[in-house]
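A.B. asks: Turn this into a model:
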Amino acid sequence: MFRRKEVVEIDGAVCPYCEFVNPNGTETCTQCYYQLGKAPRDQGEEVSAELSSNIFDELTSDEDDSWEEGNALDVVLEIDEDPLAVEQYAVTDFSSDEPENIGFMESKAPSLSQTIVHEEVEVEAVDIGSLPSQVQKMEFDQVDPLSKVEEPVHVGGGQLFTTDSHKMDDDLLGHVGGKELPSLPDDNAFQSKVNLNVAKVEPAPQVKLPELPTIEEEVQTPAPEIVQNGRFWPWPEMDSMDPRDVHRQVVRALECAKATRLDEAAQVIDELGPHLCNDNVDLIYHVGMILKQLGRFEDVKSMLATAKAVMPDNEHVSSAVAYLRV
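C.D. replies: Sure, this is the predicted structure:
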């Protein structure tokens with residue numbers, strides 16, 4: 001599939017520019033005049049050192065003897081063999097010379113050398129000739145053709161004209177495709193087989209069903225949530241700890257939960273929980289995160305519900321309810 005291109009031996013000197021095959025021993029391509037024995041940058045005729053030095057000296061020379069000063073020539077214009085001398089750079093003295101008057105030529109209507117008046121040509125009877133003798137005349141009677149209109153002849157007695165073929169209107173009968181179903185027979189064709197003289201059967205007596213007793217449904221009112229001493233932490237209450245120690249223990253429990261050491265995190269938070277009080281409400285979100293990592297979702301729900309009931313306007317409680325989403 002893939003192989004190298006075979007090299008074909010060419011007899012002659014191939015031009016690298018136009019790829020024209022020249023005879024062997026050729027120094028210049030006969031098609032594009034490319035010099036085969038020189039590199040691309042050395043193409044063209046070389047300028048001799050003598051010629052280049054002469055050109056450089058000519059460019060750097062300051063003296064130019066080709067121009068010679070001479071007297072300026074006065075310009076004289078001859079119009080109708082009258083010489084008119086034109087002074088160069090003449091200065092006008094406005095104080096002594098009169099201002100030039102500019103005149104305008106009045107326009108005139110064009111004049112014609114010959115005016116031709118149109119004359120009407122009178123046609124005489126001699127020019128027309130004599131009247132033709134044999135001319136067919138058309139006579140028009142003084143009779144109104146619309147006054148005598150014959151009455152129409154009655155033909156057919158008012159019947160409509162119809163064609164003999166009725167096959168074109170078969171599809172207008174409401175039946176399309178297949179065979180048409182037969183028409184239904186009249187109602188009188190069937191005899192009633194029901195004997196109307198049979199005695200009527202008395203209906204069975206109706207049995208009164210006992211009425212069902214009405215059962216009154218008891219409306220269940222939700223029991224109010226019991227708040228014990230306003231504590232919302234899910235541990236029994238014990239002596240409170242220093243806020244710095246509480247913060248240190250919460251950070252330790254978070255690090256253990258983050259490192260998936262759940263047993264150690266549960267031990268730390270259970271030891272700290274009884275010592276939490278309502279003053280540590282700023283840590284409710286962090287404690288909820290630890291309990292959520294341990295899988296104690298019911299404790300988190302009850303803690304947030306009780307805290308919301310005890311402190312409904314606290315920003316820490318509202319933030320924990322919004323972000324924990326339990």
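
A.B. asks: Give me the residues contacting the longest helix seen in the chain.
C.D. replies: Across the chain, the longest stretch assigned as helix under DSSP state H is helix 243-258. Residues outside helix 243-258 that contact it (C-beta atoms under 8 Å, 6 or more residues apart in numbering): 262, 264-265, 268-269, 271-272, 275-276, 279-280, 283, 286-287, 289-290, 293-294. For every residue, glycine as well, the C-beta is placed using N, CA and C.

A.B. asks: So what's the residue count around residue 295?
C.D. replies: The tally of other residues near residue 295 (other C-beta atoms under 10 Å) stands at 11.

A.B. asks: can you list the domains in this protein?
C.D. replies: According to automatic domain parsing, the chain comprises the domains 7-39, 243-324.

A.B. asks: Tell me which of those domains is the most buried.
C.D. replies: domain 243-324 (a mean of 17; mean count of other C-beta atoms under 10 Å).

A.B. asks: first to last residue in it, what's the distance?
C.D. replies: 23 Å (C-alpha to C-alpha, to the nearest Å).

A.B. asks: same question, stretch 268-277
C.D. replies: 17 Å.

A.B. asks: where in the stretch 1-150 of the chain is pLDDT low?
C.D. replies: 1-7, 47, 61-90, 99-102, 110-116 (pLDDT under 70).

A.B. asks: where exactly do the helices run in it?
C.D. replies: 49-60, 125-128 (DSSP state H, counting those that start in this stretch).

A.B. asks: how much space between residue 51 and residue 58?
C.D. replies: 11 Å (C-beta to C-beta, to the nearest Å).

A.B. asks: ugh, wrong one, I meant residue 265
C.D. replies: 99 Å.

A.B. asks: Over to residue 120?
C.D. replies: Separation of residue 120 from residue 58 (C-beta to C-beta): 90 Å.

A.B. asks: Residue 238 now?
C.D. replies: For residue 238 relative to residue 58 (C-beta to C-beta), the value is 114 Å.

A.B. asks: between these two, which one's more packed in?
C.D. replies: Between residue 238 and residue 58, counted using other C-beta under 10 Å, the more crowded position is residue 238 (11 against 8).

A.B. asks: got the contact list for the more buried one?
C.D. replies: Neighbours of residue 238 in contact, by C-beta under 8 Å, 6+ apart: 274, 275.

A.B. asks: for it, helix, strand, or coil?
C.D. replies: coil (DSSP: H, G, I helix; E, B strand; the rest coil).

A.B. asks: I figured residue 299 was touching residue 234, is that so?
C.D. replies: Yes. Residue 299 is within contact range of residue 234, at 4.2 Å (criterion: C-beta atoms under 8 Å).

A.B. asks: shared neighbours of the two, which are they?
C.D. replies: Joint contacts of residue 299 and residue 234 (C-beta under 8 Å, 6+ apart) are residue 291.

A.B. asks: for the chain, what spans make up the strands?
C.D. replies: 13-14, 21-22, 76-79, 82-85 (DSSP state E).

A.B. asks: Residue 20 contacts residue 31, correct?
C.D. replies: Yes. Between residue 20 and residue 31 a contact is recorded at 4.3 Å, counting by C-beta under 8 Å.

A.B. asks: ok, back up a step: reformat the domains of the chain as TSV; add distance to residue 152.
C.D. replies: Output for those, formatted as TSV (distance: least, C-beta to C-beta, whole Å):
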stretch	distance to residue 152
domain 7-39	101
domain 243-324	101
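
A.B. asks: so which of the ones you listed comes closest to residue 207?
C.D. replies: domain 243-324 (56.9 Å; C-beta to C-beta).

A.B. asks: Contacts only, for residue 43.
C.D. replies: 34, 35.

A.B. asks: how near is the residue nearest to residue 276 when sequence neighbours are not counted to residue 254?
C.D. replies: Distances taken as C-beta to C-beta, 6 or more residues apart in numbering place residue 233 nearest to residue 276, at 4.7 Å, with adjacent residues excluded. Distance from residue 233 to residue 254, counting by C-beta to C-beta: 17 Å.

A.B. asks: cool, residue 129 as well?
C.D. replies: 137 Å.

A.B. asks: What of residue 43?
C.D. replies: 82 Å.

A.B. asks: what do you get for residue 261?
C.D. replies: 11 Å.

A.B. asks: Could you do residue 139 as well?
C.D. replies: 133 Å.

A.B. asks: again with residue 262
C.D. replies: Taking C-beta to C-beta, one finds residue 262 at 12 Å from residue 254.

A.B. asks: show me where pLDDT drops low in the stretch 201-326 of the chain?
C.D. replies: Those would be 201, 218-229, if you go by pLDDT under 70 across the stretch 201-326 of the chain.
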